[in-house]
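> Need coordinates for the below:
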Amino acid sequence: MSDTANCIKVICAEIRDLLLEKNKKYGDSAFSPEQIFSKADPYEALNIRIDDKLRRIKTSPSNEDEDSELDLIGYLILRRAYRMKTTADANVLDYFDKLDEAEDVGATINNNSGSIYEHTEYKATITNMADNMIKDSYA
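Take a look at the predicted model:
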């Protein structure tokens, strides 16, 4: 694997971990804000946060505000996730549930001395089913 590919993997993992940590720490505040001052819907609130981060990046000396870059990437992912959550067919979200289920079953199979082949085959079957559900929902 190239150095570029490795860098991409590390950065994506860092962003994922950051988002999951903040979601755990603050609850689902990106999708269910308290709306104490702002009455903007969650999507518009994310757009405002993105604008703020872009302004901070634009006005900061170069390489001085790496946290803002990570936050910006995080907000863009949250924006996309919100669109998926609110506009996608329920089948798209079921895709992730099916993958989680496949991983759980695979862990059970492995813990009960089942073969890894069974786990891999089951996960592939669930993944194919989920992919077909997504294709059908957009057909």
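> any weak-confidence spans in this protein?
Applying pLDDT under 70 to the chain flags residues 63-65, 88-139.
> Kindly recompute the last result at 90.
1-2, 27-35, 38, 56-70, 81-139 (pLDDT under 90).
> so what's residue 20 up against?
With contacts defined as CB atoms under 8 Å, 6 or more residues apart in numbering, residue 20 has no neighbours. Every residue, glycine included, has its C-beta placed from N, CA and C.
> how is the protein carved up into domains?
1-87, 89-139 (automatic domain parsing).
> Residue 13 is in what secondary structure piece?
helix 3-26 (DSSP states H and E).
> Over to residue 46?
Here residue 46 is assigned to helix 42-59, by DSSP H and E.
> go on, residue 40?
Per DSSP H and E, there is no helix or strand for residue 40.
> list the contacts for it?
Neighbours of residue 40 in contact, by CB under 8 Å, 6+ apart: 33, 48.
> let's see 7 Å
Contacts here follow CB atoms under 7 Å, 6 or more residues apart in numbering; on that basis residue 40 touches residue 48.
> phi, psi of residue 40?
phi -60, psi 140 (degrees, to the nearest 10).
> Start at 3, not 1
In the new numbering, first residue 3, that becomes residue 42.
> how close does it sit to residue 50?
As judged by CB to CB, to the nearest Å, residue 42 and residue 50 stand 7 Å apart.
> tally of neighbours for residue 89?
9 (other CB atoms under 10 Å).
> Could you tell me how far it is located from residue 72?
In terms of CB to CB, residue 89 sits 26 Å off from residue 72.
> again with residue 60
Taken as CB to CB, the span from residue 60 to residue 72 is 16 Å.
> which one of these two has more residues nearby?
Taking other CB under 10 Å, residue 60 and residue 72 do not tie; residue 72 has more neighbours (16 against 9).
> Next up, the contacts around that one.
Here residue 72 is in contact with 17, 20 (CB under 7 Å, 6+ apart).
> buried ones in the host helix or strand of it?
Assessed by DSSP H and E, residue 72 sits inside helix 68-89. By neighbour count on 16 or more other CB atoms under 10 Å, the buried set for helix 68-89 is 70, 72-77, 79-81, 84.
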